[in-house]
Each structure stands twice: as structure tokens, then as C-alpha cells.
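**Q** Test case, fold it:
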Amino acid sequence: GALWATPLCQPGSPCGQQNLEMLRRVLVELGPVAVAVNSKAWYDYNGGVLTAKGCEGSSWNDLDHAAQLTGYNTSSDLPYWIVRKQWSTSWGEHGYIYLEYGKNTCGIANMASLPLMEGMPDIQGLGDRISVLQEEASSYTRPPSFERHYKQAIGELPADSGERH
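**A** Reported below is the predicted structural model:
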């Protein structure tokens, strides 16, 4: 199974209020995150940071591809997410693309998920310690096994040092 790293963006929604701080902290604490993205602008990507404006949309309806969010760099002049694609190491930055950080660039936070594993830390507890956690809306659907699988607390998360993770 899988669990959402951030509240799922619903079909037809503009998805402008995704919790990017939650996504960053889940990435730091639990590792790479599977993401659905709008990859239309990615085909001609040769390097640098692709901005939110250059992505050609970030709504739920724009999502057309799967990728892996592996890190971020907040010390750059233009901070960015580090995303791995399976196209090949000759594409982009040796198989990676850098997406503008701090925005829902290419819809990176709309459908971000993690594999569900035994002993998985309490992701709800993770969110409870983040001051910018979105309130649970009626349109947010938790996985059916949510209460059963997320019992173990994970403790305080490290503060953002601005380093590349």
C-alpha cells in the first residue's frame, strides 16, 4: 500500500494550497517521495531550475507523469526541489530535474506518496509538529488503513539548515 505525504489534491481543484513544508519534512524524515507531475515542459529541459511559471500548469488535471522527489537545495540563488526521472542520465542534470522550491511547481505536491511499510513512523504525528499543517478538509481522504498503521511517534524533526538534502 501507500500513504499520502501531503493531503491529496482533488480532481478539478487548482491545488494552490498544498503543504510544501510538510512535503519537505516528510522527505527529510522518511526519504524519497513518489510524485505525480505535469511534465509537458520537461522534454526540452537541459539543466538549471525550471520555474513554476515555466511548468505550464500545476492543477490536478495537468498531472501526466510519475517521478521521484529525492531532495532539495535552499542555498541556491533560486532554491529548488531535486527530482529524479527514469528517462536516462543523458537527460536533464544527469537524469534529474530541478524544480523551483517554495511553490507547487509542476504540481509536485498534488499526489505525493510513500510506500506503506511495517513499522512506518506516524506521519500524522509528523504533521502535528509542523505549524503550517493544513487543516483536514472534508475533501481530504485518508487511506482506509490510516488509523491502524500510523501509531509510532517519530520525535522532533531537524530544523532546515539550508543545506542540500
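
**Q** Could you list the alpha-carbon positions for whatever helix or strand Leu23 lives in in CSV?
**A** Assigned by DSSP states H and E, Leu23 belongs to helix 20-30. C-alpha atoms of helix 20-30 as CSV (Å, rounded to 0.1, in the frame of the first residue of the first chain):
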residue,chain,number,x,y,z
LEU,A,20,5.1,22.2,0.8
GLU,A,21,6.7,22.4,4.3
MET,A,22,5.0,19.0,5.1
LEU,A,23,6.4,17.6,1.9
ARG,A,24,9.9,18.8,2.7
ARG,A,25,9.8,17.4,6.2
VAL,A,26,8.4,14.0,5.1
LEU,A,27,11.3,13.9,2.5
VAL,A,28,13.9,14.7,5.2
GLU,A,29,12.5,12.2,7.8
LEU,A,30,11.3,9.3,5.6
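
**Q** Output the contacting helices and strands for the helix or strand that it is followed by.
**A** Downstream of helix 20-30, the next assigned helix or strand under DSSP H and E is strand 33-37. Counting contacts by 3 or more Cβ pairs under 8 Å, 6 or more residues apart in numbering; DSSP states H and E, strand 33-37 packs against helix 20-30, strand 65-73, strand 113-115. The C-beta positions use only the backbone N, C-alpha and C, and glycine is treated the same way.

**Q** low-confidence ranges in the chain?
**A** 1, 12-16, 119-165 (pLDDT under 70).

**Q** all strands for it, in order.
**A** Along the chain, the segments classed as strands by DSSP state E run 2-4, 33-37, 49-50, 65-73, 80-84, 96-100, 113-115.

**Q** Between strand 33-37 and the fifth one, find me the angle.
**A** Calculated by axes from the mean of the first three to the mean of the last three Cα atoms, to 10 degrees, strand 80-84 forms an angle of 100 degrees with strand 33-37.

**Q** Extract the CA atoms of strand 80-84 and return them as CSV.
**A** Written as CSV, here are the backbone C-alpha positions of strand 80-84 (Å, rounded to 0.1, in the frame of the first residue of the first chain):
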residue,chain,number,x,y,z
TYR,A,80,14.9,24.1,-6.0
TRP,A,81,13.5,20.6,-5.5
ILE,A,82,15.6,17.7,-6.8
VAL,A,83,13.5,15.3,-8.8
ARG,A,84,14.7,12.1,-10.5
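
**Q** Need the contact partners of that strand.
**A** With Cβ atoms under 8 Å, 6 or more residues apart in numbering as the test, strand 80-84 has contacts from 32, 35, 37, 49, 67-73, 95-101, 105, 108, 164.
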